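Peer 1: Could you work out the structure for the sequence below:
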Amino acid sequence: MFVFLKLSLAHLIGDFVLQFEELYELKLRSARGNIIHVLIHAVLALVLLAPYLGSISILGFIGFISIVHFVQDSLKYGSGKDRRSFFPIFVLDQLSHFFFMSFVFVLPASKIVRGFADHAFLNSIYISQEITIYLIAFIAATFCGAYLFNAFYLSYGPPGETKKFISSFELAHGLIERGMIVTWIIFMPNGFYLLPLLGIGLLRLPSKRLKCFREYLVSVLYACLVGVMARAIVG
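Peer 2: Okay, the predicted model is just below:
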């Protein structure tokens, strides 16, 4: 599970945190953008699995999922631009990425937890499964959540704004709103899960763009689901 979690974190950072608008547009225009995107993923995986770089099987696996990622994205961006297909393609694409990453479990090296023996502080952070799961949950709730909502809006919402939920303003608000909820759920004691929900909605009141109770409810419920799942995994 340890290596799979590191690969998952690398994937989420590469696919959402570092998915810049300029890079996305380049991916739509040519294979060069997709190559850059996949290289970013590979570098992130190598960095997050630095203690495993002496393992040929792990290095080979990073190469394998990089090639698979390139093929998947090439097929995705060549599959047409029908609005109704955006959401199902988004979900299928992400599920398939994690499916292929799960093949790492067949490697014996993935069952060994390695760290930085000569750096106690760095090692304590690196080998902490709780920290890794929290980072995964935070990105899944915030950045990934915004793009998930956007894909759903493009497929099933009214024609119009294409950057709904992923504009700089809305993305920043989602980082605060869903990030606070996930953090609270994971780190607060049992019985205090719902406390932040009583006041978190007040952050939306100053902005007319955010005064939509349905969007607020979806955002909060999604963040709660991610937070509860992460807390259950941490145990």
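
Peer 1: Not counting its neighbours along the chain, what's nearest Ile62?
Peer 2: Once flanking residues are discounted, Ile62 sits nearest to Ala45: 4.8 Å by Cβ to Cβ, 6 or more residues apart in numbering. All C-beta atoms are positioned from the backbone trio N, CA, C, and that covers glycine.

Peer 1: Return the set of buried residues in the helix or strand that neighbour falls within.
Peer 2: Per DSSP states H and E: Ala45 is located in helix 31-48. For helix 31-48, burial by neighbour count (16 or more other Cβ atoms under 10 Å) applies to Gly33, Asn34, Ile35, His37, Val38, Ile40, His41, Ala42, Leu44, Ala45, Leu48.

Peer 1: Domain-wise, how is the protein divided?
Peer 2: Per automatic domain parsing, the structural domains of the chain span 1-122, 128-235.

Peer 1: Now tell me which of those domains the model trusts least on average.
Peer 2: For the domains of the chain, mean pLDDT drops lowest on domain 128-235, to a mean of 85.

Peer 1: Distance check, the residue nearest to Ile62 against Ile136.
Peer 2: Distance, Ala45 to Ile136, using Cβ to Cβ, to the nearest Å: 14 Å.

Peer 1: rewinding a little: format the buried residues of helix 31-48 as JSON lines; extra columns: distance to Phe20.
Peer 2: Formatted as JSON lines, the buried residues of helix 31-48 follow (distance: Cβ to Cβ, whole Å):
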{"residue": "Gly33", "distance to Phe20": "10"}
{"residue": "Asn34", "distance to Phe20": "14"}
{"residue": "Ile35", "distance to Phe20": "15"}
{"residue": "His37", "distance to Phe20": "10"}
{"residue": "Val38", "distance to Phe20": "15"}
{"residue": "Ile40", "distance to Phe20": "10"}
{"residue": "His41", "distance to Phe20": "14"}
{"residue": "Ala42", "distance to Phe20": "17"}
{"residue": "Leu44", "distance to Phe20": "14"}
{"residue": "Ala45", "distance to Phe20": "19"}
{"residue": "Leu48", "distance to Phe20": "20"}
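
Peer 1: Most widely separated two among those residues?
Peer 2: Gly33 and Leu48 (22.9 Å; Cβ to Cβ).

Peer 1: residue ranges for the helices of the protein, please.
Peer 2: 2-12, 21-29, 31-48, 56-77, 86-101, 120-126, 129-139, 145-156, 168-187, 197-200, 213-234 (DSSP state H).
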